[in-house]
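**Q** heads up, no residue letters with this:
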């Protein structure tokens, strides 16, 4: 059915179907009842407790994927429940973190492992905090987001730009301007991924890296419909496919940075290097 994301069409990747992946999760790790604390945000596809980093079932999703030959998504996949202007939804600043403290720490930890001092970084869907390592010394660090009040509060940014990427999915920067592009738990809010990933590839320098952080928290009325119909493993596959279909990146990979599987928000990094 449509609800299960046309499994035969899209999720025919080598490690198996969604049902197989679920059986692997059930057989290899225990489930924890009531693992996630109460929240005022919607959880999409709550992940079971995973294995440790480097031996995670979630990391296997992008190891040997079998992508459909052509772009396999439809316009319906990228509709959202609330089609009103995002400018209205994001008009009031939200000076909060959208994942829990442990997951935030995992994002910062990963950045600390891969960032180099002096790098020029673009943070898209940026806000009042980017979760960059406190001792990292960046070069030109730019935020591209929806709310100016939030962006003004971000201490790591050397500059920022306000843009609704669903209305205008272009970046106001020259080709090859950045070494790294980041996006924290927000790629699911962008309704035009083909254009967005083309722009990410355009503004990155050759050998530059895009780092996307995924979790299972979202505002359900504002994410694209396909995200709500799928779970964590499919999310990893979907985002990996965006890199693949752009033709601008090396093979994407997933790193499972979930800090306390089953006890805090999961955190997955999907990353790829520009060719």
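**A** Sure thing, it's come through. Note that the structure is predicted; figures quoted are calculated from it, not measured.

**Q** For stretch 244-257, measure first residue to last.
**A** By Cα to Cα, to the nearest Å, the extent of stretch 244-257 from end to end equals 22 Å.

**Q** So which bits of it are buried?
**A** Applying a neighbour-count criterion of 16 or more other Cβ atoms under 10 Å, one finds 244-246, 248-249, 252-257 buried in stretch 244-257. Every residue, glycine included, has its C-beta placed from N, CA and C.

**Q** Where do the helices of the stretch 51-200 of the chain begin and end?
**A** Under the criterion DSSP state H, counting those that start in this stretch, helices of the stretch 51-200 of the chain are mapped to 86-89, 101-114, 148-152, 193-203.

**Q** Dump those into CSV; add mean pLDDT, mean neighbour count and distance to residue 265 as well.
**A** Converted to CSV, the helices of the stretch 51-200 of the chain look like this (pLDDT from 0 to 100; neighbours: other Cβ atoms under 10 Å; distance: least, Cβ to Cβ, whole Å):
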stretch, mean pLDDT, mean neighbour count, distance to residue 265
helix 86-89, 64, 14, 22
helix 101-114, 94, 18, 4
helix 148-152, 93, 16, 21
helix 193-203, 98, 21, 23
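
**Q** can you tell which of those helices is closest to residue 68?
**A** The minimum distance between residue 68 and the helices of the stretch 51-200 of the chain falls on helix 193-203, with 14.5 Å, by Cβ to Cβ.

**Q** which outside residues touch the closest one?
**A** 71, 78, 122, 124, 165, 169-171, 173-178, 181, 187, 190, 210, 242-243, 245-246, 248-249, 274 (Cβ atoms under 8 Å, 6 or more residues apart in numbering).

**Q** Surely residue 213 is in contact with residue 268?
**A** Yes - the pair residue 213 / residue 268 is scored as a contact, 7.3 Å apart, by Cβ atoms under 8 Å.

**Q** Out of the buried residues of stretch 244-257, which sit inside strands?
**A** Residues of these located in strands (DSSP state E): 253-256.
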